[in-house]
Structures are given as C-alpha cells and as structure tokens.
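Colleague: Mind looking at a prediction? Sequence and model below.
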Amino acid sequence: MKNVTDSFVSLGYWPSAGSFGLNTDILATNPINLSVVIGVLIFFGKGVLSDLLDNRKQRILNTIRNSEELRGGAIEQLEKARARLRKVEMEADQFRVNGYSEIEREKLNLINSTYKTLEQLENYKNETIQFEQQRAINQVRQRVFQQALQGALGTLNSCLTNELHLRTISANIGMLGAMKEITD
C-alpha cells in the first residue's frame, strides 16, 4: 500500500516538460478547474440543458394540465354521483313513506275486513239461533197439538157414539171439500 501512496505523492514532484503537467496543489487548481469546467458546460451544455429544462417544464405543465382536467372530470363525476345519491335517497324516502302508508292501508283494510267477517259471523250466529228457536217452537207446538189432538180424540171416542162419529166425519169431509174448492 505504501508504494501506491508514494506514487500519488510523487506525482506532484514530476518536472513539467514544458507544455502539459499536473498541478496537485488543490487550493490553486480547484477554483481554476471548476471555472473551466463550468465555463465549458455553460458554453456547450447551454442549449442542451435549456432544451432539457424546456422539455421537463413542458412535461410538468402537461402533467399539471392533465391533472387539472382529470380533477375537473372527477369533480364533475362526484357531483353527478352526489346528485344520483340525493335522487336515490329521495326515492328511498318516498318508498319508505309509501311503504309505511301502504302498510297502514293494508292494516286498515285487514281490520275492516275482519270486522266485516265478525259482523257476518255474528249475523249468521243470530240467524242460526233464531232458526233453532223457531224450530224448537215448532216442535213444541207440534207436540202440544198432538197431545191436544190425542186428548180431544180420547174425549170424543169416549163420548161419541158410532152415529155421532159418522156425522162428525161427514161434516169434516164436507168442510175440507169446501175449503178445497175455495183454494182452487
């Protein structure tokens, strides 16, 4: 390693051949070298650097313009989406209100139909009760009539003679015949 270091250190002691040489004095050569390099870069690189910067500027401006257009489109889409959301929310509220009113209407219809059905059942019950009462009354009348008839027949049989019996039958047959002629 020492040999490599010595070779670099010894570069500063080379005698110059007259036209070209290396100056290793950093403090003296650095500003000069920098000014030469910067001057060469400015002279030759000015157009290239300017073109590169202009191209970069144009790309940045195009990107900003595209971003603004995309932002405008996104804002427009956001507003459309918000409008659709408001519309859907209003429709949902309308459906909700209509649904509630429909439910209330169906509830009232169901209650009314139930009341009507109960009323009909009450009427049928009352008619059935009246029918059964009428039937019971008719059965009692028939029994009373049969018992009265049997009692009357028993009384008549015990009191009537054959001749009186035949006259009563003839009179009843005559009355029935007269009633038949009146109805015809």
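Modeller: Perfect, thanks for sending it.
Colleague: only C-alpha atoms for contact and neighbour calcs from this point on.
Modeller: Noted.
Colleague: Can you report how many residues lie near G39?
Modeller: 13 (other C-alpha atoms under 10 Å).
Colleague: do you know how far it is from K46?
Modeller: 10 Å (C-alpha to C-alpha, to the nearest Å).
Colleague: where's the most far-flung residue of the chain relative to its centre, which helix or strand?
Modeller: Here the centre of the chain is the reference, and by C-alpha atoms, centre = their mean the most remote residue is E163, at 99.0 Å. For E163, the host element (DSSP states H and E) is helix 162-183.
Colleague: Repeat that for F131.
Modeller: According to DSSP H and E, F131 maps onto helix 26-159.
Colleague: Show the average pLDDT along that helix.
Modeller: If you average the pLDDT over helix 26-159, you get 87.
Colleague: tell me what it is packed against?
Modeller: The helices and strands touching helix 26-159, judged by 3 or more C-alpha pairs under 8 Å, 6 or more residues apart in numbering; DSSP states H and E, number zero.
Colleague: How far off centre is that helix?
Modeller: Its chain's C-alpha centre and that of helix 26-159 lie 3 Å apart, by C-alpha atoms, centre = their mean, to the nearest Å.
Colleague: now do stretch 174-183
Modeller: 82 Å.
Colleague: Renumber starting at 52 from here on
Modeller: Okay, residue one is now 52; in that scheme the one you just asked about reads as stretch 225-234.
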